[in-house]
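Q: Sequence unavailable; structure follows:
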């Protein structure tokens, strides 16, 4: 069954690389106009490359620079998007960073940077998206839902991760943010869900897969015995953004090849 997001506008944060790129390309292939968000002038060439791949394939979109941890920039991104395209139908809250450290050596700057992008950024974007959804209301020519938010979380919303306290804390908090928004705005027909990737082959985790030895070690954690690809996340994002998933809200869906089953216990631990 072909899924169509034609006539819908999607904001994808952190879309200039990794999982965000996979999601942006998948949404565009399904017919959505995609705002390819990136955070700085340094990431502009990557965002432009993603947009070119989208348009070369017949899709539509623009690039937009916005640091999602900055309130004024997020507000302007949504204002400009609505001014240019009329509304926003879909938000994919994907932007995220890591600044890893042993807990006793983690600085406040490292903590605040990760919480600022990974959690506060998702709060700010979701707030502006919901304001726009409520302003527009339900338009059945676009979707049976008033709006769709997809938070990109992680298996580490439930799996502790030593040396990554800031990152794991941000992802655990995203679960509560997602469920609270789904509860608060369900009556308005706004659907809110999370995708929780496991090991996905992206630049943020190159050290985990860029040598045969590292990849072999990683696969000991994955029962399905392969590393995930950005399109694995993109495919699910398209489904969750579509009317085929209209009765799904307040849910975390894990895309991890079974990592959450703790394969290290497969032979008794």
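A: Sure thing, it's come through. Quick caveat: nothing in here was measured; it's all calculated off a predicted structure. Numbers count the residues shown, from 1 in each chain.
Q: hey, let's count contacts and neighbours off CA atoms from now on
A: OK.
Q: looking at this structure, which helix or strand is least sure?
A: helix 212-219 (a mean of 88; mean pLDDT, DSSP states H and E).
Q: Pull out the buried positions in that helix.
A: Within helix 212-219, the residues that count as buried by 16 or more other CA atoms under 10 Å are 215, 218, 219.
Q: Then stretch 130-144?
A: Counting neighbours by 16+ other CA under 10 Å, stretch 130-144 gives 130, 132, 133, 138, 142, 143 as buried.
Q: Let me know the distance separating residue 51 from residue 125.
A: 21 Å (CA to CA, to the nearest Å).
Q: One more: residue 18?
A: For residue 18, the distance to residue 125 - CA to CA - is 20 Å.
Q: Not counting its neighbours along the chain, what's nearest residue 55?
A: residue 61 (7.5 Å; CA to CA, 6 or more residues apart in numbering).
Q: What are the boundaries of the strands in the protein?
A: Assigned by DSSP state E, the chain shows strands spanning 9-12, 33-38, 60-65, 90-93, 147-152, 190-197, 252-255.
Q: Walk me through which strands the last one pairs with, and which way each runs.
A: Paired neighbours of strand 252-255 in the sheet (DSSP bridges): strand 190-197 (parallel).
Q: quick one: the strand it pairs with to strand 147-152, angle?
A: In terms of direction (axes from the mean of the first three to the mean of the last three CA atoms, to 10 degrees), strand 190-197 departs from strand 147-152 by 20 degrees.
Q: Surely residue 193 touches residue 254?
A: No - look at residue 193 against residue 254 with CA atoms under 8 Å: they stay out of range, at 11.1 Å.
Q: Of these two, which one has the most company?
A: Legend: neighbour count by other CA atoms under 10 Å for residue 193 and residue 254, higher for residue 193 (27 against 18).
Q: can you pull the buried residues of stretch 55-68?
A: 55, 59, 60, 61, 62, 63, 64, 65, 66, 67, 68.
Q: With adjacent residues omitted, what lies nearest to the last one?
A: It stands for residue 68. Closest to residue 68 by CA to CA, 6+ apart is residue 121, at 4.6 Å.
Q: And for stretch 167-181, what's in contact with it?
A: 97-100, 114-115, 118-119, 122-123, 151, 153-154, 156-161, 192-194, 250-252 (CA atoms under 8 Å, 6 or more residues apart in numbering).
Q: can you do 7 Å?
A: Applying CA atoms under 7 Å, 6 or more residues apart in numbering, the external contacts of stretch 167-181 come out as 98, 114-115, 118-119, 153-154, 156-158, 160-161, 192-194, 250.
Q: count of neighbours near residue 26?
A: 24.
Q: so how far is residue 215 from it?
A: Distance of residue 26 to residue 215, given as CA to CA: 26 Å.
Q: same check, this time on residue 102
A: From residue 102 to residue 215 the distance is 23 Å (CA to CA).
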